[in-house]
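1. Pasting the sequence and the predicted coordinates here, then a few questions.
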Amino acid sequence: MANLRHYTFMLQGLEETAQKLAQRRIGFVVRICAGPSSDLEFARICAEVHPSLIVCDEDPSRRDAKWAREALLYPSAPLWSVDADVIVPSRLIEKEQFAARTIRPRIRRRLKEFLKPVGNRTVHVPWKDDRRIESFAVSCRLTSQLHLDGSVSPTDKFHGGADAALTALRRFIRDRLGGYASGRNHPEIDATSQLSPYLHFGQIGPHTVALAIHGAAAPSRDREAFLEELIVRRELAVNFVRCNPRFRTLESIEPWARRTLGEHARDERTHLYTEKQLANAETHDPLWNAAQRQMVSSGWMHGYMRMYWAKKILEWSPAADEAYDICVRLNDRYELDGRDPNGYAGIAWAVGGKHDRPWGPERPVYGKIRYMSFASTSRKFNSRAYIEQWNA
Ligand SMILES: Cc1cc2nc3c(=O)[nH]c(=O)nc-3n(C[C@H](O)[C@H](O)[C@H](O)COP(=O)(O)OP(=O)(O)OC[C@H]3O[C@@H](n4cnc5c(N)ncnc54)[C@H](O)[C@@H]3O)c2cc1C
């Protein structure tokens, strides 16, 4: 469930959209769908505005969205869904893909066809209708009417909106894209784009980002490393949630991984923590605690730490399926980019070896799932600097 943190970020973006549409004299209607009548809200709006065309965003994790079904019940307008989360439409990738190496050639084959600038940015359709259509004024004050979980506060680190997203993209290209390939595994420095919250809320699209990276002057090694994450890894995650209905649970993993976790289910755990202790960063491991604090206070955890974070939850929970559920709950609650295909695929990878392969030697609790230790992880970067940053 989205909370105050997520809604504040989303509304910051929507407020900006409303202003831009007003400048172009394009109408914008916002309705709050709450309570038992919400089911029919979408159909009601259609009956009021008589749309010529309905365009919606295709969300592979919510194919059962009620409003999309309702829109189909409004037969006088065609419904177009746009797969804006990805560059190559996810329905063109047949069946669930096993790993990056299997989806990569499929994406590459179609990339030229789909990775091109989106035209017609200056379209101007003035709102001539003089009927008064009920609407809420969009601002962050709307959160008070939404009965949200207010226990996760908004974050100062990220301000929502397309302008902020474009600024973040420009700064990344100017200051950090050169060196991304080596810098991205250094959580103590800001070497990655931090675009994931904007991508998650659709405030910037992968097309815009990919085209800007293509045209940048940085070394090709860095551009390629970035595009591998932005396109191949991201679209592998979308393929996972689209094709595997059990993506929110450990049941989504491969038979080899289920077998090895089952064989180690009774292994002794050296440390066991409750979800509350984990949420409060009350473990014996300062590196893990720092990562948890980064997520809770800023709404974003560094990607390298996300791997370590989830793997340790596997190690410190009584059972692998419990670990998976805790990862999903904490990730979706605190990360601004949570509730995203990337999150489910990342957790499935870390806890259940999804899109990975069996690793040796076999370890307690993990079995053949790839292992990360405090010692090896903290040797790879200046872990002391990272710990100091977040454990203050
Ligand atoms: C346990 C775990 C949980 C994760 N949870 C989320 C989540 O909730 N939401 C989320 O968006 N990502 C998640 N990721 C994937 C990844 O860690 C983040 O997308 C990335 O760290 C975001 O930072 P960035 O924008 O600076 O990435 P950059 O390194 O700048 O990469 C650019 C973009 O590429 C995509 N990307 C990068 N790494 C990955 C990856 N491994 N898999 C898929 N796409 C990737 C993202 O859209 C990212 O914004 C998770 C990974 C793991 C292992």
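-> In hand now; what should we look at?
2. in this structure, which helix has the most residues?
-> helix 4-23 (DSSP state H).
3. by contact count, what packs against that helix?
-> Contact here means 3 or more C-beta pairs under 8 Å, 6 or more residues apart in numbering; DSSP states H and E; on that basis helix 4-23 packs against helix 162-175. Heads up, the C-betas are built off the backbone N, CA and C, glycines and all.
4. is the ligand contacted by the helix it packs on?
-> No - using C-beta under 6 Å from any ligand atom, helix 162-175 stays clear of the ligand, coming no nearer than 7.1 Å.
5. Report all helices and strands that that helix contacts.
-> On the basis of 3+ C-beta pairs under 8 Å, 6+ apart, helix 162-175 makes packing contacts with helix 4-23, helix 196-200, helix 206-214.
6. Compute the inter-axis angle for the longest helix of the chain and helix 162-175.
-> 100 degrees (axes from the mean of the first three to the mean of the last three C-alpha atoms, to 10 degrees).
7. follow-up on the earlier one: let me know which of the helices and strands packed on helix 162-175 is tucked in deepest.
-> helix 196-200 (a mean of 23; mean count of other C-beta atoms under 10 Å).
8. on that earlier part again, list of residues touching the longest helix of the chain?
-> 2, 27-28, 30, 138-140, 142-143, 146, 148-155, 158-164, 197, 201, 203, 299, 334, 336, 338-339 (C-beta atoms under 8 Å, 6 or more residues apart in numbering).
9. Just the local confidence number for residue 33, please.
-> In the prediction, the pLDDT value recorded for residue 33 is 74.
10. Let's verify it: helix, strand, or coil?
-> coil (DSSP: H, G, I helix; E, B strand; the rest coil).
11. And the strands in the protein, which stretches?
-> Ranges of strands in the chain, per DSSP state E, are 54-57, 79-82.
12. any idea of the mean pLDDT for the first one?
-> If I follow you right, that is strand 54-57. Mean predicted lDDT for strand 54-57 stands at 86.
13. With just CA atoms, put that strand into CSV.
-> Taking C-alpha atoms only, strand 54-57 is exported to CSV below (Å, rounded to 0.1, in the frame of the first residue of the first chain):
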residue,chain,number,x,y,z
ILE,A,54,-9.2,6.5,-23.4
VAL,A,55,-5.5,6.1,-22.9
CYS,A,56,-4.1,4.3,-19.9
ASP,A,57,-0.8,3.1,-18.6
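14. Packing partners of that strand?
-> Right, strand 54-57 is packed against helix 66-72, strand 79-82 by 3+ C-beta pairs under 8 Å, 6+ apart.
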